[in-house]
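In: Provided below are the primary sequence and the corresponding predicted coordinates.
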Amino acid sequence: EHHYNDFVACLPYLGSSIKILEDQLDELIVETATKRKQWPKKILVHTIQTMKAEQEMLKLYQPVVTPEEIRPQPSQDTYIADLKQVTEVASEQIGEAMKAFSNADLGLTPELPSASTVKPVFLEGWAVVTPFAARNFTFT
């Protein structure tokens, strides 16, 4: 009961402390809301000033070295012309080959060479025999 009485006696002081804290919180909320309205305007002003300064700096820019047009040497002209002609011919040949592949009948099966047309090759005393000739070739 002693502790309860002490607690009840402190309630008026706690109430006034809470009231002070609530007032301080309200002041902070109002201050923050005001800054949220004002600061973007201040930031915008500085941003515009910075952009204008950058544009002025770009107007003052001048290249240190004047660029020159790159021209091929006269000896390269014939080489480039020949290369161009060879490239055009190769391109035409590749195009014709692609057309031939598209027209080819790829359903046919290739014929294997007969064993009688394949002959062994002798290199320094060794007989080199292809797989097709191995069936009909006997070592003597």
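Out: Arrived safely, thanks for sending.
In: Please make it C-alpha for all contacts and neighbour counts, starting now.
Out: Will do.
In: residue boundaries of the helices in this structure?
Out: Here the chain has its helices, by DSSP state H, at 2-60, 74-103.
In: Report pLDDT for residue 110.
Out: With respect to pLDDT, residue 110 scores 57.
In: circling back to that earlier point, could you dump the helices of the chain into CSV and include mean neighbour count?
Out: Output for the helices of the chain, formatted as CSV (neighbours: other CA atoms under 10 Å):
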stretch, mean neighbour count
helix 2-60, 11
helix 74-103, 11
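In: Residue 66 is nearest to which of those?
Out: helix 2-60 (15.7 Å; CA to CA).
In: one step back: now the helices of the chain in a markdown table, with mean pLDDT?
Out: Below are these laid out as a markdown table (pLDDT from 0 to 100):
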| stretch | mean pLDDT |
| --- | --- |
| helix 2-60 | 80 |
| helix 74-103 | 85 |
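In: Which of the ones you listed sits closest to residue 68?
Out: helix 74-103 (17.3 Å).
In: In CSV: the helices of the chain, plus distance to residue 68.
Out: Formatted as CSV, the helices of the chain follow (distance: least, CA to CA, whole Å):
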stretch, distance to residue 68
helix 2-60, 22
helix 74-103, 17
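In: what sits against residue 88?
Out: Under the criterion of CA atoms under 8 Å, 6 or more residues apart in numbering, residue 88 has no neighbours.
In: rerun that using 10 Å as the cut-off
Out: Applying CA atoms under 10 Å, 6 or more residues apart in numbering to residue 88 gives the contacts 82, 94.
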